[in-house]
Structure formats: structure tokens, C-alpha cells
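Peer 1: I'll drop the sequence and a predicted model, then ask my questions.
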Amino acid sequence: MPEQYELLTATPVCPELQDNRSLLALLDSWQSAGWLRPLDRALAGFLLEQAPDCPPLVLLAAALVSHQLGHGHVCLDLASTLQAPDFALSLPPEGATSEDTPLPSKVLQEVQVADWQAALAASPVVDSDTPAAGVRPLVLVGQRLYLRRYWQYERDVVNALAERLQAPLPVSDDFAERLQQLFADSQQVPDWQRLACALAARGRFSIITGGPGTGKTTTVVRLLALLQAPAVAAGQPLRIRLAAPTGKAAARLTESIGRQVGQLPVPDDVRAEIPTAVSTLHRLLGSQPHSRHFRHQRDNPLVLDVLVIDEASMIDLEMMACVLAALPAHARLILLGDKDQLASVEAGAVLGDLCRQAEQGCYSARTRDWLEAVSGQSLAATGLTEGTDAQQPIEQQTAMLRFSHRFGSDSGIGELARAVNRCDATGARQLLYSGQFADIHQRSLSQPTDPALAACVLGSETLPGYQLYLQQLKAGRPAADTPAESDAWQDWARAVLHAFDRFQLLCAVRKGDWGVEAINQRVASLLHARGLLPAERGWYEGRPVLVTRNDYALGLMNGDIGIALRIAEPPLSAGEPQRTALRVAFPRNDGSGGIRFVLPSRLPQVDSVFAMTVHKSQGSEFTHAALVLPPARNPVLTKELVYTAITRASAHFSLLESRAGVFEEAVSTPVRRISGLLLS
Ligand SMILES: Nc1ncnc2c1ncn2[C@@H]1O[C@H](COP(=O)(O)OP(=O)(O)OP(=O)(O)O)[C@@H](O)[C@H]1O
């Protein structure tokens, strides 16, 4: 064994870490228990082939970095992993027990951070001193271990943002006047929307963050008018593009932006140059089959001057790096989103990381003076923390909208969301108990078959449930002899999809009795037993499905929701009677209100969606959202998860708890995504 590894043998280690054979056996047992993905195990095997002298701790770290990526962490933080290994690694996974499988806390109990770091730094598969000059598959930065690719994304994002944040762009002489005109109706003091608009106008990168209904869309529409008016006057309209991470989010923004552009107090020629169509980021960048590389990248940049991305909390690190790489140097990038929402399912929490200090403002004296001068607003009474241009460059281009125009103090949903966001579990519980608000509800569930769950799912006079869309499906069905080409079929499908949007059951976890998979099946059985669905397995009319993989040929995106309906089909040959067939109806997501019907067998991966994870619900809104919390403590039960679930509801929110206290535990636990964005 090479000299540098000797220190590892100095500390007592558990049998699994004694040699590589034992370590691989451990990884095999974790993989067969479903604790690790085959990919995680394969990485350790691959590295061992490349460097047969690799010590067990390095191979273990490699498998764990890969495992952590699958849980949204860009890197493995050695110190926090050793502090609470099972919790940090989310092992055993949700719904699993540890019976014969050794827990990470047992395997790692004797390992010290310094020893782990030293073993990694000395390994031939890890670059640590000057990673940019190296090519090794793993990169160690302090106590954070990365797969090289993710380290590179993080560096690319940091460098691209630093470049974009360098010097503010000049604004026109009449900027203050035009800003005043656009926000003449404002009642707020200070008017954060006006301030956000000013900041975004002067930068090649800016962030506008805020909770639901705080006016992010309103602000950005006015910003676009502000930027476009002088460009139109000069005969060179800006090329503006709007995008969102998912089809559903893009469809929502298309709808709300269209409304807002219509109401803008600007001349028609300016209005005509403000787009209302929103595309997905994948489509904007030009995704290519079987490749993670986009058509638009550094050598083939996007053709645009302004890019607005909504629901930016869903952007993962890789996507952010790709967007920045494809953006022409002169273009403005504006991110809109709610920093307090859950991050993307993929690795990275870009918006949350960039908005760490948004609450405190941290404007430098220079930024504050400029903002006060152009907006005519005083920031003196805001209680913001003063920052500096050099130490907080992102903050100089970030604005947080703080007043919800949708959920005021008379809204239980708004109050509950705010309490949860403050991690105020007691306050949040009191709001639920008090009965003061008619829009928030809570139920205790004693077991997965509790009748209270069934009652919530079916719905009532006052609280929408799934009965609504099933009634619409029956009552609104066109007569059997309606010609296949009639619009009546599309109208019916649109109404059924719309009614389905009125309720959604949200789960925190996938596995176990309280996970999405089991609850989906239970709800299907319930609706079938009540005679509301013709079947509960396979394809049947009324089955709602969630697309879980992009299919560019079909134009379906991960997150799209469709419902199987029996519709008329033209006869196969002239003179024959019209047929009916089961097709899955999807909204077109392009703002046209159109419906597309797809053969079930042509669909990419889909799941039934009587219940969906809170993660998947991001970017969607439902009249009534009901959150089911499982009893077991789990790293995914965080205040961000609860906040995201509550803010999916537009009129009613229900909390369904399987154990008293689980809500408080979740609300008291802020999420921790490990990354080094802007830290190093
Ligand atoms: N300054 C304002 N004064 C009055 N009403 C406003 C103002 N700003 C926004 N609104 C209204 O509040 C509602 C929410 O605004 P908007 O859709 O812009 O918010 P958002 O932050 O984009 O919401 P979402 O949660 O959908 O992302 C809209 O009805 C809008 O017309």
C-alpha cells in the first residue's frame, strides 16, 4: 500500500472499510437493498479499475457523491456526512428499513473528517490543489467532494455570473420619468416592484424573487415595456424571449403574461414587440435526441437581447450552466421565482443559493443611492442590511417583492405560508386550529384507509375533490353521433382537464404506505369502488397521467398532465360507422387553449396522478391542494416542502397528517442542499 494511505490504517475502521473487496460487498448490499443506484455502485467499480490502489474510503466517497447527486446535492460534504451519516445521506431510503443492511452511521462511525480528506487528496482519482488544471474524475474543494462535471458546472455558473455582474448598464436620461409613469398607480411604500424593475433594467443579470401573487409577472411585463419603448423608438426592437423550466409553468406564464401585456399603458407599437408566448427551457436551448448537449451553446448562442426565465427555483445547476453558456454576452438575463420554494429535483438549488441574502437586501450605498434617485423612493425605513459591491455583487442585482396582492392578511393560505416560511411551527399550527380562516383545513389520518382521506379526495360542496372532473367527464360527454372532427370533443376534454385542476393530492414521499405510489393506487381503487371509474388498473377512461420523461417528437414534457378519454374516431373506410377509441388528452401548453389527443401506447413514461409529489407540483396551481404527510421522520420533510405545497393552492389548502407532530417537525426543518455556489 502506498505510503500516503498508511494513515488510514492507523485509525480503527469497521470491517466494511478494511479492504476494497469488503467495501464493494457493502456497496453491493446497499444496491440490492435499493439504497444505492446501480450507477453509484458502478462509479466505485470504475474508479477501482482505473486506480487499483484506491483505498476503500475513496471508493465509498465516490459512490456517495453519486448517490447525493441523485438527492439533489451537487457535492458530498464530508463534515456534515460524518456528523449525521444516515440523515445526511437519506439512508435507509423512504419507506425502507435497515434489517440486515449496515447503516452508513455504523460504517462511518470511526472515520474522522481529516483522515477522509487526506485520503481523497492523496488519491490518483481526485484533483484537489489546482482542479482546473487537472482531468481526474473527482474534485475535492475543502471538505466538498464533486464529480468533475458538477464542479465544472458550478465554476462555469460562478464565472459567467461574475462576468455579467461586473458593471451596471447605462439607462436612458428619461429613465426615472418613464419608471414613474409605469408605476403611477402604485400604493406600496416603498414600491418593491418599481425598485425591482429599476435594478433589472440596469443589469445583464438580475433576480426578481417573491412569494405567490407578489407581482413578479406584473413587474417583468412593465420592465419589458420599459426596455422595449426606447428600442422601438430607435427602430431596433429588442429580441425578447420568455421561458420556464416545465411545460406547465410555461403554460401558466403564457396565460398570465398575455393578460398583463394587454393592460399595459404603452403605445400599441411597443405592446406588439412584447412577446406573450413562453417556451420551455429545453425547447429554447434546442434539446437533441439522446444527448445532454443543446443545439444552442457557447459556439451557437441564442439569438436574443433579453431572456426572462420564470419559476427559476426549478432550474438545476446543469441547466443554469447551459443557459449561461448559450446566452450572448450583451443579453440581459432576468430570473423570476420564489426563492423559498423547493429546489429542482435535479442537483443544485441555484435560485435559493443566489438569493441567500435577498431578505436582508444587502444593497451597497451606491446601489441604494441610485435606486432612490431613479425610483423616487426612500429605502431609509426598510431595515435592510447595508452591503458592499465587492462582497455582495449578486445582491446588487436582486430584488425581493414583499407584498402579496393575492394573499393578503385576510387569507389563511397567505398567513399559513408566511408562518411556515418563518419556520414558525407553533404559529402555523394555531392558524390551522383557530378556525379563523375558511380556506385552510386540517385532518388527522389514523391509517392509510382513513375515511377522512377518502372524503377529501371525493370532495364536497365547499371543497373541490376528484368527483368534479369525473362528473364533468360524464355530464359533458358529446353525444355518441357527434362527428369525430367536431370541436365538441376538444371542448369536452378541455373542460375535464380544467375540472381536474381544481383539486390535487400532494405527497411528500414516493414510497411506503403514505407515498405517491400507494396512495395513487388507493385512490384509483376508491373511485372504482364508488362506480366513478370503470377500472383501477391499466388504461381506463378517466385515468389522469403525469408525463415523467420529455418526448420531443410528441411535444410532451416531463410534468405534463393528461386524462384518458374515449373519443370519436373517423371510420376506417367510407360507409363504415364512426368508431370510438381511448386517447389521452393533453393541453397544448402554447397558450392556444388547444388539446392534443395521444394514443396511450405512444406515450413515453407516465404515472397515474391522483397523487403527485410536491416536487412535481411546482409550477402548477390548484383550486384545492391537499398535502399528505407521512409519519416517519425523513430528510425530505422540510419547511420548503410544506411551503411549496401550501402555495400550490389558490383557494383552499388541506393538511392531512398521519401522525401528530409531523407537521411541526417538517416546518422546523429548513432544507439543506449542499453546494458551493458562490462560496468559493
Ligand atoms: N402593484 C399592484 N397593485 C395591484 N395589484 C397588483 C399589483 N401587482 C400585481 N397585482 C395583481 O396581483 C395578482 C398577482 O400578480 P402577478 O401574477 O404579477 O404575481 P406573481 O408573483 O407573478 O404570481 P405567481 O404566484 O402566479 O407567480 C394579479 O392579479 C395582479 O394583477
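Peer 2: Yep, it's here. Numbering: from 1, shown residues only.
Peer 1: can you count the residues close to Arg579?
Peer 2: 12 (other CB atoms under 10 Å). (Each C-beta comes from the backbone N, C-alpha and C, glycine too.)
Peer 1: Just give the nearest non-adjacent residue to it, would you?
Peer 2: Once flanking residues are discounted, Arg579 sits nearest to Glu569: 4.6 Å by CB to CB, 6 or more residues apart in numbering.
Peer 1: quick one, what contacts that neighbour?
Peer 2: Glu569 makes contacts with Ala484, Gln578, Arg579, Thr580, Ala581, as judged by CB atoms under 8 Å, 6 or more residues apart in numbering.
Peer 1: Partner strands of the helix or strand containing Leu565 and their direction?
Peer 2: Element membership of Leu565 [criterion: DSSP states H and E] is strand 561-569. When pairing is defined by DSSP bridges, strand 561-569 lines up against strand 544-547 (antiparallel), strand 579-587 (antiparallel).
Peer 1: give me the number of residues near whatever residue of the stretch 351-500 of the chain ends up closest to the ligand?
Peer 2: Closest residue of the stretch 351-500 of the chain to the ligand, CB to the nearest ligand atom: His405 (3.2 Å). Using other CB under 10 Å, His405 has 14 other residues around it.
Peer 1: so it touches Gly211, yeah?
Peer 2: No. With contact defined as CB atoms under 8 Å, His405 does not reach Gly211; the gap is 10.6 Å.
Peer 1: circling back to that earlier point, could you give me the buried positions within the strand holding Leu565?
Peer 2: Residues of strand 561-569 classed as buried: Ile561, Gly562, Ile563, Ala564, Leu565, Ile567, Ala568 (neighbour count, 16 or more other CB atoms under 10 Å).
Peer 1: which among those residues are in contact with the ligand?
Peer 2: By CB under 6 Å from any ligand atom, no member of the buried residues of strand 561-569 lies near the ligand.
Peer 1: pLDDT added to the residues you listed, as JSON lines?
Peer 2: Shown next, in JSON lines, are the buried residues of strand 561-569 (pLDDT from 0 to 100):
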{"residue": "Ile561", "pLDDT": "92"}
{"residue": "Gly562", "pLDDT": "95"}
{"residue": "Ile563", "pLDDT": "97"}
{"residue": "Ala564", "pLDDT": "97"}
{"residue": "Leu565", "pLDDT": "97"}
{"residue": "Ile567", "pLDDT": "93"}
{"residue": "Ala568", "pLDDT": "89"}
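Peer 1: Show me the two of those residues that sit farthest apart.
Peer 2: Greatest spatial distance among the buried residues of strand 561-569 (CB to CB): Ile561 and Ala568, at 22.8 Å.
Peer 1: quick one: the strands in the stretch 351-500 of the chain?
Peer 2: Taking DSSP state E, counting those that start in this stretch, the strands of the stretch 351-500 of the chain run over residues 361-363, 385-386, 398-401, 440-444.
Peer 1: Next: the stretch 51-200 of the chain.
Peer 2: Ranges of strands within the stretch 51-200 of the chain are 75-77, 126-127, 138-141, 144-147, based on DSSP E, counting those that start in this stretch.
Peer 1: what about the shortest one, distance to the chain center?
Peer 2: What it means is strand 126-127. Relative to the chain's own centre, strand 126-127 is displaced by 31 Å; criterion: CA atoms, centre = their mean, to the nearest Å.
Peer 1: how about the residue in the stretch 451-600 of the chain that the ligand sits nearest to, what does it touch?
Peer 2: Going by CB to the nearest ligand atom, the ligand is nearest to Asp501 of the stretch 451-600 of the chain, at 14.1 Å. Asp501 is in contact with Ser620, Glu621, Phe622, Thr623, counting by CB under 8 Å, 6+ apart.
Peer 1: Switch the residues you listed over to JSON lines; also include distance to Asn421 and pLDDT.
Peer 2: Shown next, in JSON lines, are those (distance: CB to CB, whole Å; pLDDT from 0 to 100):
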{"residue": "Ser620", "distance to Asn421": "19", "pLDDT": "85"}
{"residue": "Glu621", "distance to Asn421": "18", "pLDDT": "88"}
{"residue": "Phe622", "distance to Asn421": "20", "pLDDT": "94"}
{"residue": "Thr623", "distance to Asn421": "22", "pLDDT": "95"}
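Peer 1: In strands, which of these appear?
Peer 2: Taking DSSP state E, the ones among those that sit in strands are Phe622, Thr623.
Peer 1: for stretch 91-108, which positions count as buried?
Peer 2: For stretch 91-108, burial by neighbour count (16+ other CB under 10 Å) applies to Leu91, Pro92, Pro93, Glu94, Gly95, Thr101, Pro104, Ser105, Val107, Leu108.
Peer 1: Cross-check the contact I'm expecting between the last one and Pro85.
Peer 2: Yes. Taking contacts as CB under 8 Å, Leu108 lies within contact range of Pro85: 4.8 Å.
Peer 1: Next, give phi and psi for the residue of the chain most remote from its centre.
Peer 2: Largest separation from the mean C-alpha position in the chain: Gly575, at 51.5 Å (CA atoms, centre = their mean). Backbone torsions of Gly575, given as degrees, to the nearest 10, read phi 90, psi -20.
Peer 1: Please report how far it lies from Gln471.
Peer 2: The gap separating Gly575 from Gln471 is 37 Å, by CB to CB, to the nearest Å.
Peer 1: Glu621 now?
Peer 2: 21 Å.
Peer 1: Repeat that for Thr613.
Peer 2: From Thr613 to Gln471 the distance is 27 Å (CB to CB).
Peer 1: wait, what's in contact with Ala42?
Peer 2: Ala42 neighbours (CB under 8 Å, 6+ apart): none.
Peer 1: Am I right that it falls within a helix?
Peer 2: Yes. Applying DSSP: H, G, I helix; E, B strand; the rest coil, one finds Ala42 inside a helix.
Peer 1: Need the pLDDT of it.
Peer 2: As predicted, Ala42 sits at a pLDDT of 94.
Peer 1: circling back to that earlier point, of all the strands of the stretch 351-500 of the chain, which gets the most neighbours per residue?
Peer 2: Across the strands of the stretch 351-500 of the chain, the average number of neighbours (mean count of other CB atoms under 10 Å) peaks for strand 398-401, which reaches a mean of 24.
Peer 1: Average pLDDT for it, rounded please.
Peer 2: For strand 398-401, mean pLDDT rounds to 94.
Peer 1: Could you do stretch 80-89 as well?
Peer 2: In the prediction, stretch 80-89 has an average pLDDT of 86.
Peer 1: for stretch 199-208, same thing?
Peer 2: Mean per-residue pLDDT for stretch 199-208: 94.
Peer 1: Would you mind naming what in the protein lies close to the ligand?
Peer 2: Residues of the chain lying near the ligand (CB under 6 Å from any ligand atom): 186, 193, 210, 212-218, 256, 405-406.
Peer 1: Pipe these into TSV and attach distance to Gly414 per row.
Peer 2: TSV is the format used below for those (distance: CB to CB, whole Å):
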residue	distance to Gly414
Ser186	20
Gln193	18
Gly210	13
Pro212	8
Gly213	8
Thr214	10
Gly215	14
Lys216	16
Thr217	18
Thr218	17
Ser256	18
His405	10
Arg406	8
